[in-house]
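**Q** 3D model of this:
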Amino acid sequence: MDLRRRLIGSLGLLLGCLLAMTAVIQLYSLRTDIEAEVAASARLVNVLLAAGNERPGALDERLARAGLRHLSIRTADQPAASTPPHPLLAWLGLAPEERREQAIRIGAQTLYIAPNPRSEIDERLADTVRIWITLLFISGTTFLVTWWCADRALAPVRELEASLHRLARGEPDPHLPAFALREFGRVARAIEHLAGALADARAAQHELARQLITVQEEERRALARELHDEMGQTLTALSVTATHLERHAAHLTPAAVTECAGDLRRELRTGGDQLRTMLKTLRPHGLHASGLPQTLRELVHGWRSRHTEIDFALDLRRPLPEIGDAMALAVYRVVQEAVTNVVRHSGARHCTVRLTSTGAALTLEVIDDGCGLPAGPRWHGGLLGMQERVDMVGGRLDALPNPAGGLRLRAVFPLAADAVQAPATPLKALP
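**A** Numbering: from 1, shown residues only. You can find the predicted model right below:
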């Protein structure tokens, strides 16, 4: 049952009970009025019957105790009473009618009968008060029952609020009960879906942090190994040559000095090449609108030169628009990670890197004919890192199946967001 039907049903039942109670009250009032009218009529008949038999003094006492309604009766011995008009007539602005008595001769008695509106007005006032009391009772009962129904119907809101607070505190389970109302059931399912999404996001965040630390440590180990194995050997060779020159400078021939100078030059050139290779690995030079295509060509050519069994192709459809350093670095890192995943995991024979511009966005596609996405969570490992990089520059990353088989990784970078994107310094911390 939904909330609307429950409220309508509860209020309908309440109104039905109140209408039945009002009918009972009115029937009881009608019965009381009828009994009073009949009793007053009987007393009037008794007064009229006794008028011809009783003495005047006794008749006056009977009239005083009769309690007649709508009429006033007096004998000839009683003076005409001047009764003030009813206050209600003055408040309503109604002028009281003149008292018109009619004389009736019954036996030896003469009775003067005149209409008496005060009793009718008093009856109407009593009926009005009774109706007001009934309406006040109905209104009060309606308000109380409506408040009770609304409070009972909205009680699950407190459970929903508590579950949201639990999610805000980082608890994985919102602990929601089963709700009878359909609306709250839908909200509960949405909160449970949100809890699952938050749990996945936290797990992805932890995985990304773990991956970041792992990549940083691997990068440091690789850098330390290259510095020790390559740069260390070069510096050692330079040190040996310089020491030889220092110790034997007075005895060396010009030809030997020239040979040592040539050795120094070769070692310095080798050290410079090694340094440029390491710097290019850490961060390629020339990442901007004009330098990005050349950097991508060097990246793809580097994979071609490693004699892999994959045929790499680079497709640059049109000249690129002016982009910032952060977006250029994001494009390069996404291509770098995507191509690395293709080589390591896809088993593909062909891989195409395509970069196009539509004026409003820069679209990057890495297409292969391999095995596609593995089973399990979609965003993990390298894909999760690429997703974070694309998000940092306001883009969108989609991993789609390739119609020809394999994977089609597409990243869309809005050029409007590039004008206000953050500087590249935060991105340098990522691999």
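
**Q** And the helices in the stretch 51-200 of the chain?
**A** 56-66, 87-92, 117-153, 155-168, 182-226 (DSSP state H, counting those that start in this stretch).

**Q** Check which residues of the helix or strand hosting residue 328 are buried.
**A** Secondary structure from DSSP states H and E places residue 328 in helix 325-341. By neighbour count, with 16 or more other CB atoms under 10 Å as the criterion, the buried positions of helix 325-341 are 325-339, 341. No exception for glycine: its C-beta is placed from N, CA and C like everyone else's.

**Q** contacts for the very next helix or strand once past that helix?
**A** Sequence order places strand 350-357 as the next helix or strand after helix 325-341, per DSSP H and E. Contact with strand 350-357 is made by 293, 296, 300, 310-321, 331, 335, 338-339, 342, 362-369, 415, as judged by CB atoms under 8 Å, 6 or more residues apart in numbering.

**Q** how about 7 Å then?
**A** For strand 350-357, the surrounding residues in contact (CB atoms under 7 Å, 6 or more residues apart in numbering) are 296, 300, 310-318, 320-321, 335, 339, 342, 363-369.

**Q** number of nearby residues for residue 184?
**A** Residues within reach of residue 184, counting by other CB atoms under 10 Å, total 22.

**Q** ok, back up a step: tell me which of the contacts of strand 350-357 fall in strands.
**A** Within those, residues falling in strands by DSSP state E are 311, 312, 313, 314, 315, 316, 363, 364, 365, 366, 367, 368.

**Q** Quick check: beta-bridge partners of the third one?
**A** With DSSP bridges as the criterion, the beta-bridge partners of residue 313 are residue 352.

**Q** still on that earlier bit, show me what the helix holding residue 328 is packed up against.
**A** Here helix 325-341 touches helix 292-304, strand 350-357, strand 361-368, helix 381-392, strand 407-414, helix 425-428, going by 3 or more CB pairs under 7 Å, 6 or more residues apart in numbering; DSSP states H and E.

**Q** So which of those is nearest residue 180?
**A** helix 381-392 (40.5 Å; CB to CB).

**Q** just to revisit the earlier point, most surrounded residue in the ones in strands among the contacts of strand 350-357?
**A** Most surrounded of the ones in strands among the contacts of strand 350-357: other CB under 10 Å gives residue 368, at 29 neighbours.

**Q** quick one: it and residue 348 touch, right?
**A** Yes: Residue 368 is in contact with residue 348 according to CB atoms under 7 Å; the separation is 3.9 Å.

**Q** Now the common contact residues for these two.
**A** Jointly contacting residue 368 and residue 348 under the rule CB under 7 Å, 6+ apart are 342, 406.

**Q** Ok, which of the helices and strands packed on helix 325-341 comes nearest residue 401?
**A** Closest among these, using CB to CB: strand 407-414, at 6.9 Å.

**Q** Show me what that closest one is packed against.
**A** Using 3+ CB pairs under 7 Å, 6+ apart: strand 407-414 touches helix 325-341, strand 361-368, strand 396-401.
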